[in-house]
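# Just a sequence and a predicted model for now, questions to come.
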Amino acid sequence: MPTMIQYTPLHGRHQALEARLIEFGGWMMPVQYEGIQAEHVATRKAVTVFDTCHMGRFRFEGSGAIESLSHLLSQDLRTLRDGVCRYGFLLNDDGGVLDDTIVYRFDAEHWMLVVNAGTRAKDRAWITARLAGSVTFEDASDRLGKVDVQGPRSLEVVSTVLGRDLTMLPYFRFVEFTRGKDRLLVSRTGYTGEKGVEIYATADRIGPLWDDLLAAGVKPAGLGARDTLRLEAGLPLYGHELGEDVTPVEAGMERYAAKSEPFVGREAVLRRLAAGPAKRLCGFKTTGRQAARAGHRVLVAGQEAGVVTSGSFSPTLQCAIGFAYVATPHAPLGTRVTIDTGRAALDAELVQMPLYSAVK
C-alpha cells in the first residue's frame, strides 16, 4: 500500500511562501524556500527557523517511569536532573540502533522522548510493549508542534519574540512557561551545530508562533539546509549513519550507551566493544566540489573498503564532505581514499568530525 502523506500544522504557510515541498519520512516537508545555500549561510551567520513538527513526541507519566525508561534507553537517567534533556539510543537486543532520541526529564514521574518521524510508529510499538503497567504513555506528536530556531542570533531573537530572557539557558536544559495563550517548552538543543533552541507548543498555536518569528526577521529554512548544516557539524542521520544494522560502537558513539546499569542492547554493545568493530564511521572531505552520495563505494588502493552514507557540498568549507563506513584497517584519520560515484572517481581524505564548530 502507498504511504499516506501527512502534513504538519505549518503546511499552508510553507505553500504561501512557495517552498519546494517533498515527501520525507511520510510527511510533506519543505526542502527549501529561498535556496539551500542561502538558508545554510543565514543559519551560520544570523538566524533561521525550521519546521520540525514531523518528529515524534512521546510523554510518560507514573511512579514506574524512571525504571521502565532506564531499561529501554541507553541514556543514564539516574543522573539526569529536572529540566535537563539527554541524547542517546533505543537499541534492539543485538545492540542495533532502533532510533536515536532525546529524553526530557520534568521530574521523576514525568518524561518526554523525542524520536524521528520515520521511526515513530515502530518506536511506539516497541516501547509500549515493554512499559511497566504503572506507566501511562501518550503519543503527543499530533497534539504538540515544534520549530527549531538556529543561528548565532537565535537566543537574542527568541528572547525578544517570547518576552523572556533565554540567552543564559545552558545546553541541553529546558524551561516551560506561558506566553499569552501559549504554553511553551523551550530547550537549548538543535541539529545544526549552531546556537539555537527547539520550541514546543500546541499544534493550534505553533502557526502563530511561526508568524511571530518571521515577523521578527527570522528566515525560514528547509530540509536541504538542515542536512548540509548537520553534516558540517558531524551529526548522524537515522537511516543513513544509524540503523538496526549497526551498533553505537561502529558509529563511534558508544559513549552514549556507556551506563553501567542494564538496558536493552547493553550486553551486545559490550561484546562488540570487546571484539572490536569490523567497520567504523568516518568523516571525509574531497579535493573538489562534486559531492559523493549515499551508496557510493569507497576504495583504498583500488580495493573496495567501504560505502558512503551521506554526502554534500559544504557551503561553509567550499568543498564536498560526508560520512562513510570504512573497514577498520583502512579507517585511520588521514587515509587517502577514492570514492566511486559510478561516473567519476573523487579523491578524498578521512578526517575528524565535526568539520565545523560554531563559536559558543
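Received, thanks.

# can we go C-alpha only for contacts and neighbour counts from here?
OK.

# the domain parsing of the protein - what is it?
6-55+142-232, 56-139, 278-360 (automatic domain parsing).

# Show the average pLDDT along the shortest one.
To tie it back to what came earlier, the one meant is domain 278-360. Averaging pLDDT along domain 278-360 yields 96.

# Just give me how far that domain sits from the chain centre.
20 Å (CA atoms, centre = their mean, to the nearest Å).

# residues of the helix or strand harbouring Val161 that come out buried?
Using DSSP states H and E, Val161 sits within helix 154-162. By neighbour count with 16 or more other CA atoms under 10 Å, helix 154-162 contains the buried residues Ser154, Leu155, Val157, Val158, Val161, Leu162.

# Looking at the residues you listed, which is nearest Gly306?
Within these, proximity to Gly306 (CA to CA) peaks at Ser154, which comes in at 38.3 Å.

# so how far is Thr128 from that closest one?
Computed as CA to CA, to the nearest Å, the Ser154 to Thr128 distance reads 36 Å.

# One more: Tyr238?
21 Å.

# out of these two, which sits in the more crowded spot?
Tyr238 (17 against 14; other CA atoms under 10 Å).

# How far off centre is the helix holding Val161?
22 Å.

# for the helix or strand just after it, which positions count as buried?
Using DSSP H and E, the next helix or strand after helix 154-162 towards the C-terminus is strand 174-179. Judged by neighbour count (16+ other CA under 10 Å), strand 174-179 contains these buried residues: Phe174, Val175.

# Need the phi and psi values for Gly342.
For Gly342, the backbone dihedrals (degrees, to the nearest 10) come out as phi 100, psi -30.

# Would you mind giving both backbone torsions of His330?
phi -110, psi 10.

# Please apply the same query to Ser314.
Per degrees, to the nearest 10, the backbone of Ser314 is at phi -100, psi 110.

# Does it touch Ala291 like I think?
No - in this structure Ser314 lies outside contact range of Ala291 using CA atoms under 8 Å: 9.0 Å.

# mind listing what the residue positioned nearest the centre of the chain touches?
In the chain, the centroid-proximal residue (CA atoms, centre = their mean) is Tyr191; its distance is 5.3 Å. By CA atoms under 8 Å, 6 or more residues apart in numbering, Tyr191 lies in contact with Arg226, Leu229, Arg230, Leu235.

# Could you do Ser187 as well?
Phe172, Arg173, Phe174, Val175, Val197, Glu198, Ile199.
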